[in-house]
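In: no sequence on this one, just coordinates:
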């Protein structure tokens, strides 16, 4: 039979392994809903979102379009760092085209700084109409 001390140690190891497996690293994601883009409209930006950091994070951003009207629209998206001062040069991503129902990613042109805030600019590209309404998610 196991001694009480061994049981406590074994129980502690089991609980520690369960706690470690429950810790999940994730990046902040911002949802946007019913953004209007196209002719005669100013290109909208998503809410500012903090970029997560650490070695397990990529130098990329992600955008998922969950709804678009008209559905044949293609958009241009770009992630842009929020500036802290006018002297600062912004970190920006490449421009990525995205369609309805798709998930796309783009790389930053220089290393994206963790802990900084970023916004995604959404621009109309093509479609059967010259305007569109779009909803989705953005992860800087």
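Out: Thanks, I have the structure now. Note that the structure is predicted; figures quoted are calculated from it, not measured.
In: contacts and neighbour counts: CA atoms only from here.
Out: Will do.
In: which residues of this protein fall in helices?
Out: Along the chain, the segments classed as helices by DSSP state H run 4-22.
In: pull the helix or strand with minimum mean pLDDT from this structure.
Out: Scoring the helices and strands of the chain by mean pLDDT, DSSP states H and E places helix 4-22 at the bottom, with a mean of 64.
In: Can you tell me how far the closest residue to residue 43 other than its chain neighbours is from residue 87?
Out: Of all residues not flanking residue 43 in the chain, residue 123 sits nearest, at 5.5 Å (Cα to Cα, 6 or more residues apart in numbering). Computed with Cα to Cα, to the nearest Å, the distance linking residue 123 and residue 87 is 26 Å.
In: Looking at those two, which one has more neighbours?
Out: Set side by side, residue 123 and residue 87 show more neighbours around residue 123, with 23 against 7, by other Cα atoms under 10 Å.
In: beta partners of that one?
Out: residue 76 (DSSP bridges).
In: and it, what pLDDT?
Out: pLDDT, residue 123: 92.
In: List the contacts of it.
Out: 37, 38, 43, 44, 75, 76, 77 (Cα atoms under 8 Å, 6 or more residues apart in numbering).
In: let's see it at 7 Å
Out: 37, 38, 43, 75, 76, 77 (Cα atoms under 7 Å, 6 or more residues apart in numbering).
In: can you check residue 106 too?
Out: With Cα under 7 Å, 6+ apart, residue 106 has these contacts: 60, 61, 62, 93, 94, 96.
In: same thing but at 6 Å, please
Out: 60, 61, 94 (Cα atoms under 6 Å, 6 or more residues apart in numbering).
In: Starting from residue 128, give me the distance back to it.
Out: The spacing between residue 106 and residue 128, counted by Cα to Cα, is 25 Å.
In: Buried residues in stretch 88-97, which are they?
Out: For stretch 88-97, burial by neighbour count (16 or more other Cα atoms under 10 Å) applies to 90, 91, 92, 93, 94, 95, 96, 97.
In: I appreciate the help and will end here.
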